[in-house]
Every structure is written in structure tokens, then in C-alpha cells.
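>>> using only what follows, build the 3D model:
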Amino acid sequence: MKTSSFFKNPSKHDRIIHENPNVQQLASLIASQYIHQAKAQTKAFANRFKSHQDTVKALYDFCRKEFKYQYDGYPDSAEIIRLPNASWADRYSGIDCEDFVILLGGTLLNLGIPFKVR
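Predicted coordinates for the structure are as follows:
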């Protein structure tokens with residue numbers, strides 16, 4: 001199965017723009033809300049990594065290879081939060097570290113692997 005079949009085309013709700021975000025509030029939203037929303041979007045994707053002996057390393061290596069990093073301008077401009085469907089769609093133009101955390105967090109939740117956002 002192709003990886004792209006694990007993600008849907010993003011909806012208008014898969015990219016959330018925060019104008020002048022407070023870093024602590026944004027981190028709290030990522031940990032309490034966005035990662036949990038990402039769980040639904042990463043369920044099929046997470047299954048791709050269940051059979052790997054070192055699941056976390058395989059997931060991390062895959063994401064580092066497939067997703068280009070692109071700074072989105074914060075704090076000089078708005079912060080764009082991408083849920084996994086939008087991150088996959090934007091993988092060649094780039095996603096930033098918050099988007100990467102949301103993607104990985106949702107996937108780890110599906111795999112039952114504990115983690116912390118700090």
C-alpha cells in the first residue's frame with residue numbers, strides 16, 4: 001500500500017493559523033488538542049510501523065526523509081499549524097517542528113507508545 005493512501009486530502013480545518021501566538025499557549029494546544037486530533041488522521045499510517053523492531057526509529061527516519069523542513073516565519077509572522085493530512089500534502093514545500101510533533105504524536109498515540117511534549 002502506498003503511503004499517500006494513508007492520508008486524505010486536507011480540509012480547510014487541517015491548517016490552523018495563529019496570529020501572534022503565545023509560545024506557551026501554542027505548546028499547550030499542541031499537547032492537549034492538536035495531537036489528539038492527529039490521532040484520527042494517523043491511524044492507518046501508524047500501522048505501517050507496527051512490525052518494525054525499532055518502531056520509533058523507523059518512524060522518525062521515515063519522517064525525516066519524506067518531510068522537508070521549512071520555517072514558517074514565526075515570530076515575525078503567523079504560525080501555521082498543520083494536522084497530518086495537511087503535513088502530508090505540504091511535505092515537499094515544507095513543514096515546521098510543531099507540525100512534525102503533531103504528526104509524530106498522533107502516530108505514537110496510535111501505536112500506544114508513551115511520549116511527552118516539552
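
>>> which helices and strands does the helix or strand of the chain with the lowest mean pLDDT pack with?
Least confident element among the helices and strands of the chain, by mean pLDDT, DSSP states H and E: helix 23-29 (a mean of 91). Packing partners of helix 23-29 (3 or more CB pairs under 8 Å, 6 or more residues apart in numbering; DSSP states H and E): strand 79-82. C-beta: built from backbone N, CA, C; applies to glycine.

>>> the strand it packs on: partners in the sheet, and parallel or antiparallel?
When sheet partners are counted by DSSP bridges, strand 79-82 sits next to strand 15-18 (antiparallel).

>>> so what touches the partner strand?
Contacts to strand 15-18, defined as CB atoms under 8 Å, 6 or more residues apart in numbering, come from residues Leu26, Tyr34, Ala78, Glu79, Ile80, Ile81, Arg82, Leu83, Ala86.

>>> pull the distance from the lengthiest helix in the chain to the chain's centre.
Ranked by residue count under DSSP state H, the longest helix found in the chain is helix 97-111. Counting by CA atoms, centre = their mean, to the nearest Å, helix 97-111 is centred 5 Å from the centre of its parent chain.

>>> then stretch 99-114?
So, by CA atoms, centre = their mean, the centroid of stretch 99-114 is 8 Å from its chain's centroid.

>>> who are the contact partners of the residue nearest in space to the middle of the chain?
Nearest to the mean C-alpha position of the chain, by CA atoms, centre = their mean, lies Leu103 at 2.0 Å. Neighbouring residues of Leu103 by CB under 8 Å, 6+ apart: Ala38, Thr42, Cys63, Phe67, Pro84, Ser87, Ile95.

>>> for this protein, which spans come out with low pLDDT?
Within the chain, the stretches with pLDDT under 70 are 1-4, 74-75.

>>> now with 90, please.
Filtered on pLDDT under 90, the chain yields the residue ranges 1-5, 19-23, 50-53, 71-79, 118.

>>> export the contacts of Leu103 to JSON lines and tack on secondary structure, distance to Gly73 and neighbour count?
Shown next, in JSON lines, are these (DSSP: H, G, I helix; E, B strand; the rest coil; distance: CB to CB, whole Å; neighbours: other CB atoms under 10 Å):
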{"residue": "Ala38", "secondary structure": "helix", "distance to Gly73": "22", "neighbour count": "29"}
{"residue": "Thr42", "secondary structure": "coil", "distance to Gly73": "26", "neighbour count": "29"}
{"residue": "Cys63", "secondary structure": "helix", "distance to Gly73": "22", "neighbour count": "16"}
{"residue": "Phe67", "secondary structure": "coil", "distance to Gly73": "18", "neighbour count": "19"}
{"residue": "Pro84", "secondary structure": "helix", "distance to Gly73": "21", "neighbour count": "29"}
{"residue": "Ser87", "secondary structure": "helix", "distance to Gly73": "17", "neighbour count": "28"}
{"residue": "Ile95", "secondary structure": "strand", "distance to Gly73": "13", "neighbour count": "25"}
